[in-house]
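Q: compute the structure for the input listed below.
(one chain, ligands or ions: 1)
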Amino acid sequence: MSQLAEMGVDALRSTLEGPVLLPGDEGYDDARRLWNAAIDKHPGVIARCRTATDVSRAVLFARDHDLEIAVRGGAHNPGGSSGVDDGMMIDLSLLNEVTVDPVAKVARAGGGALLGQLDAAAQEYGLATPAGMISHTGVGGLTLGGGMGWLTRKFGLSIDNLTAVEIVTADGQIRRASDDENPDLFWAVRGGGGNFGVVTEFEFRLHEAGPMVQFGLAFWDLDRGADVLRTARTVIPNLPDDVNIVVGAISAPPAPFVPEELHFRPGYALIVIGFGSAEEHAGVLDEIRTAVPPLFEFASPMPYVGLQQMLDEANGWGFHAYDKGFYLDDFTDEAIAVITEYVPQKQSPGSVMLAYRLDGAYSKVPDDATAFSGSRRPGYGVFIVAVCPTPELLEHDRAWTRSFWDAMLPVSRGKGSYVNAISDLVDVDDRVRASYGPKYDRLAAIKATYDPDNLFHRNANIRPAATGS
Ligand code: FAD
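A: Residues are numbered from 1 along each chain as shown. All right, here's what the predicted structure looks like:
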């Protein structure tokens, strides 16, 4: 950080409600930490904002002192986009209040709230909105990219349930965006990531869900991979609307319902979540069980909030991680051949391939209704995620992720993916453009209006269109 900026930090400190931290200050090392232990960033200054006005002042300070900006929501982005060396981290983790209006069925979440806080507050009233599968993920990053999870077949993406945002744009202004106010900006933030400003409040529509859901998991050995994926191909198109499914290549969890000798055994799993009746749910599991008898299975009712936390520990803070994503139309024989060749090559038990089923309510939203980086036609959003206890294992599984992804290119929808699965920060222009496809030019024009100097660029970056274009 420049001397000029260092001198100005005292002035910033005196105007912010939240603390401003410099290297060496108490709390600095905790505040700069990110979910992915493989990333170690040292911001020149951390503004721990408590209000939208704090955020506005921090943005203007960074702009005036030429500091690169990183916006930290839940700090989950595996590429470390919410951290920065030397520049300013705008840390939203203190801006995390969630309030629920159970009558209007609306939740308001601060820009730094975590999914677990949103889930818990809404479930107090038996309500929920679609969100991701790990409760310590930030509402911010997840929603701005789209937000897919267990409720996506039933109620769509998080952005399909977003009704308004409060956002600080690059000029420091605090704006509201909704269908009625700044509708261009509202369209862009629903899928365009953190490109358009710092969202200080999200407003979501809520639905009745839970408090109990039906959980089911069936697990097979690696050598049954092709059979399992072919079964998924036939079972999934006939799923009732109230059931969701994830097709996974995972290692068996060390859970009480898993025979001890199978703990950490790599294989394939179908995870089936029922939001309707136990009978409907049992029917789906029966069909799967009959087609290919699993190595073990488990079915039980569980609280919705528990479901949302089920993967937390396996993906806890402190792992070394890397990820890449792609879209798949279906488990074709060609796709199955690649998947079953690569899955056995992973080394860390935590490394996974997870295919989220995308259809139902997800597919009822027109492609151009939001800026979402993907087609709404039925298919799968697939993540390959290396999650490793040591840097050495990450070295192997990062290479595994990359080669697996390369091999999937010809048998998937190609380079374009869910932007929340683009974690690399360099050399990804072509992936970002492919992900947005024809929406990219509209996004670039909106970016030129609200962030012409590309102040917010530590993300799947949309370049501002040249002035006048
Ligand atoms: P951060 O690292 O804090 O932020 C990510 C990006 O968003 C950064 O560019 C940041 O600047 C920006 N940002 C964050 N908050 C704001 C804000 N309020 N205003 C403006 N910009 C902001 N995605 C799913 O949809 N569903 C899943 O189930 C899911 N599971 C995942 C599991 C794992 C193990 C991993 C690694 C990722 C998963 N993701 C999932 C992807 C996840 O949505 C992204 O990593 C997301 O960016 C994380 O958001 P965050 O706020 O925690 O991260």
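Q: all contacts plus neighbour counts: C-alpha atoms, from now on.
A: Will do.
Q: how about the strands in the stretch 151-300 of the chain?
A: Taking DSSP state E, counting those that start in this stretch to define them, one finds strands in the stretch 151-300 of the chain at 162-168, 174-178, 198-205, 207-208, 212-221, 243-251, 266-274, 296-303.
Q: would you convert those into CSV that also reports mean pLDDT and distance to the ligand?
A: Output for the strands of the stretch 151-300 of the chain, formatted as CSV (pLDDT from 0 to 100; distance: least, CA to the nearest ligand atom, whole Å):
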stretch, mean pLDDT, distance to the ligand
strand 162-168, 98, 7
strand 174-178, 98, 12
strand 198-205, 98, 4
strand 207-208, 98, 18
strand 212-221, 96, 16
strand 243-251, 96, 10
strand 266-274, 96, 13
strand 296-303, 94, 18
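Q: dump those strands to JSON lines, plus mean neighbour count.
A: Converted to JSON lines, the strands of the stretch 151-300 of the chain look like this (neighbours: other CA atoms under 10 Å):
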{"stretch": "strand 162-168", "mean neighbour count": "23"}
{"stretch": "strand 174-178", "mean neighbour count": "19"}
{"stretch": "strand 198-205", "mean neighbour count": "25"}
{"stretch": "strand 207-208", "mean neighbour count": "16"}
{"stretch": "strand 212-221", "mean neighbour count": "22"}
{"stretch": "strand 243-251", "mean neighbour count": "23"}
{"stretch": "strand 266-274", "mean neighbour count": "25"}
{"stretch": "strand 296-303", "mean neighbour count": "15"}
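Q: so which of the ones you listed is nearest residue 412?
A: Between residue 412 and the strands of the stretch 151-300 of the chain, the shortest separation by CA to CA is 15.6 Å, and it involves strand 243-251.
Q: residue ranges of the helices in the stretch 51-200 of the chain, please?
A: 52-64, 115-123, 139-145, 152-155, 183-189 (DSSP state H, counting those that start in this stretch).
Q: the ligand contacts on the stretch 101-250 of the chain?
A: Taking CA under 6 Å from any ligand atom as the criterion, the stretch 101-250 of the chain approaches the ligand at residues 111-112, 132-134, 137-142, 147-149, 194, 197-200.
Q: redo that, cut-off 5 Å
A: Residues of the stretch 101-250 of the chain lying near the ligand by CA under 5 Å from any ligand atom: 111, 132-133, 137-138, 140-142, 147-149, 194, 198-199.
Q: buried ones only from those, please, as a ChimeraX command.
A: ChimeraX command restricting these to the buried ones, with burial defined by 16 or more other CA atoms under 10 Å:
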select :111,132,133,137,138,140,141,142,147,148,149,194,198,199
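Q: most tightly packed of the helices of the stretch 51-200 of the chain?
A: helix 139-145 (a mean of 27; mean count of other CA atoms under 10 Å).
Q: what's the spacing between residue 457 and the ligand?
A: According to CA to the nearest ligand atom, to the nearest Å, residue 457 stands 8 Å off from the ligand.
Q: quick check, that residue in contact with residue 195.
A: Yes. If you go by CA atoms under 8 Å, residue 457 and residue 195 touch, sitting 6.4 Å apart.
Q: the more surrounded of these two?
A: residue 195 (29 against 21; other CA atoms under 10 Å).
Q: for the more buried one, what are its contacts?
A: Residue 195 makes contact with 189, 447, 451, 454, 456, 457, 459, 460, 461, 462, according to CA atoms under 8 Å, 6 or more residues apart in numbering.
Q: which residue ranges form the helices in the stretch 201-350 of the chain?
A: Going by DSSP H, counting those that start in this stretch, the stretch 201-350 of the chain shows helices at 225-235, 278-291, 304-309, 333-342.
Q: what's the host helix or strand of residue 432 in contact with?
A: According to DSSP states H and E, residue 432 maps onto helix 429-436. Helix 429-436 has contacts (CA under 8 Å, 6+ apart) with 371-374, 415-419, 422, 440, 460-462.
Q: before we move on, the earlier item: closest one to residue 105 among the strands of the stretch 151-300 of the chain?
A: strand 198-205 (6.0 Å).
Q: what angle separates that closest one from strand 162-168?
A: 160 degrees (axes from the mean of the first three to the mean of the last three CA atoms, to 10 degrees).
Q: what's the closest non-adjacent residue to residue 184?
A: residue 446 (7.0 Å; CA to CA, 6 or more residues apart in numbering).
Q: residues contacting the one you found?
A: 184, 185, 188, 464.
Q: so it: helix, strand or coil?
A: Secondary structure, DSSP: H, G, I helix; E, B strand; the rest coil: residue 446 is helix.
Q: before we move on, what about residue 438?
A: helix.
Q: look up how far the ligand lies from it.
A: To the ligand, residue 438 is 22 Å away according to CA to the nearest ligand atom.
Q: burial count for residue 182?
A: Residues lying near residue 182 (other CA under 10 Å) number 12.
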